[in-house]
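Participant: okay, sequence plus prediction incoming.
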Amino acid sequence: MTSYADLEREIDRGARPEVLRDWALDVLGDVVEGRRPLRAVRHPLGFTCLPVQRDGPAGICVHAWPAEPPPVRPTTSPMHSHSWDLLSHVLHGTVRNELIEVDDAPTAPAWRVYHVHSLGEVDEVAATDRLVTATTAAVETHTAGDSYALRAGGFHTTEVDAGTPAVTVALGRTTPGACDLSLGAVDGRSHRVRRDRCDPAETARMARDIARLVARG
């Protein structure tokens, strides 16, 4: 099982979490042994991404939140929306999604919408003219063995409890016309953020640590 369609089918079926665990362990083992030459990326929102596969508009990643993450100070806020539909399966730990309702509020805004355009290792974060408010619509908690979906354009935050690691496999399929967006300060300005790409040795070490968590379930 190596393709996006295979993983999507297995997640939708929902009956065999051990198949997804075994797939992840195989991939992580390949990274540890140098058979899969990818490099981990520390995301500005506090998790590590292992970009496993990219095929046109579809991509597969393993995401990991460490028990003791480095301090994260997003230049906007944790509230964001994707340009792609997300289908995710929790391999270890607990992940909490806060779904955010965003309303236009040009006269009494709490946030400005920023457009995020990724160019390699650099995110171009552009302030838009859209001013909004944001309220929590729902909170969803997912534990190991659970799967969840987030639609493109839906604002949310994704977090784990302090001191508690989590690992997911994330499938994303780009939606035509959608943009990556984030909420930030009303008086903020356009800027750039560089993502921290790990070297091969650090990537292998991370993959080894992540595999230990996945094996525990």
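Facilitator: Looks like it came in fine.

Participant: leaving out chain neighbours, which residue sits closest to L131?
Facilitator: Nearest residue to L131, sequence neighbours excluded (CB to CB, 6 or more residues apart in numbering): P109, at 3.4 Å. Placement of C-beta: from N, CA and C, glycine included.

Participant: can you tell me the element that neighbour falls in?
Facilitator: For P109, there is no host helix or strand (DSSP states H and E).

Participant: tell me how many other residues crowd it.
Facilitator: 16 (other CB atoms under 10 Å).

Participant: wait, it sits on V186?
Facilitator: Yes - contact status for P109 versus V186: in contact at 5.3 Å, counting by CB atoms under 8 Å.

Participant: which residues do those two both contact?
Facilitator: L131 (CB atoms under 8 Å, 6 or more residues apart in numbering).

Participant: tell me which stretches of the chain form helices.
Facilitator: Using DSSP state H, the helices of the chain run over 4-13, 17-32, 200-216.

Participant: how about these, which one is nearest F155?
Facilitator: Of all these, it is helix 4-13 that lies closest to F155, at 22.9 Å by CB to CB.

Participant: show me where pLDDT drops low in this structure?
Facilitator: For the chain, residues meeting the criterion pLDDT under 70 lie at 1, 15.

Participant: state the distance from the residue of it positioned farthest from its centre to A170.
Facilitator: The outermost residue of the chain, judged against the average C-alpha position, is T107 (32.4 Å), by CA atoms, centre = their mean. Distance, T107 to A170, by CB to CB, to the nearest Å: 38 Å.

Participant: again, but for V186
Facilitator: On the measure of CB to CB, V186 and A170 end up 31 Å apart.

Participant: what about these two, which has more around it?
Facilitator: Taking other CB under 10 Å, V186 and A170 do not tie; A170 has more neighbours (21 against 13).

Participant: give the bridge partners for that one, please.
Facilitator: C61, S88 (DSSP bridges).

Participant: what's the closest non-adjacent residue to P17?
Facilitator: Nearest non-adjacent residue to P17 (CB to CB, 6+ apart): G145, at 4.6 Å.

Participant: and the longest strand seen in the chain, what's buried?
Facilitator: Longest strand of the chain, by residue count under DSSP state E: strand 122-143. Residues of strand 122-143 classed as buried: 123, 125, 127, 130-132, 134, 142 (neighbour count, 16 or more other CB atoms under 10 Å).

Participant: okay if I get those residues as TSV plus distance to P37?
Facilitator: Formatted as TSV, those follow (distance: CB to CB, whole Å):
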residue	distance to P37
D123	24
V125	29
A127	37
R130	40
L131	44
V132	41
A134	40
H142	31
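
Participant: just want the most central residue of this protein.
Facilitator: The C-alpha lying nearest the average C-alpha coordinate of the chain belongs to H63 (CA atoms, centre = their mean; 6.3 Å).

Participant: that one contacts F47, correct?
Facilitator: Yes - applying CB under 8 Å, one finds H63 in contact with F47, separated by 5.1 Å.

Participant: nice, that's everything, thank you.
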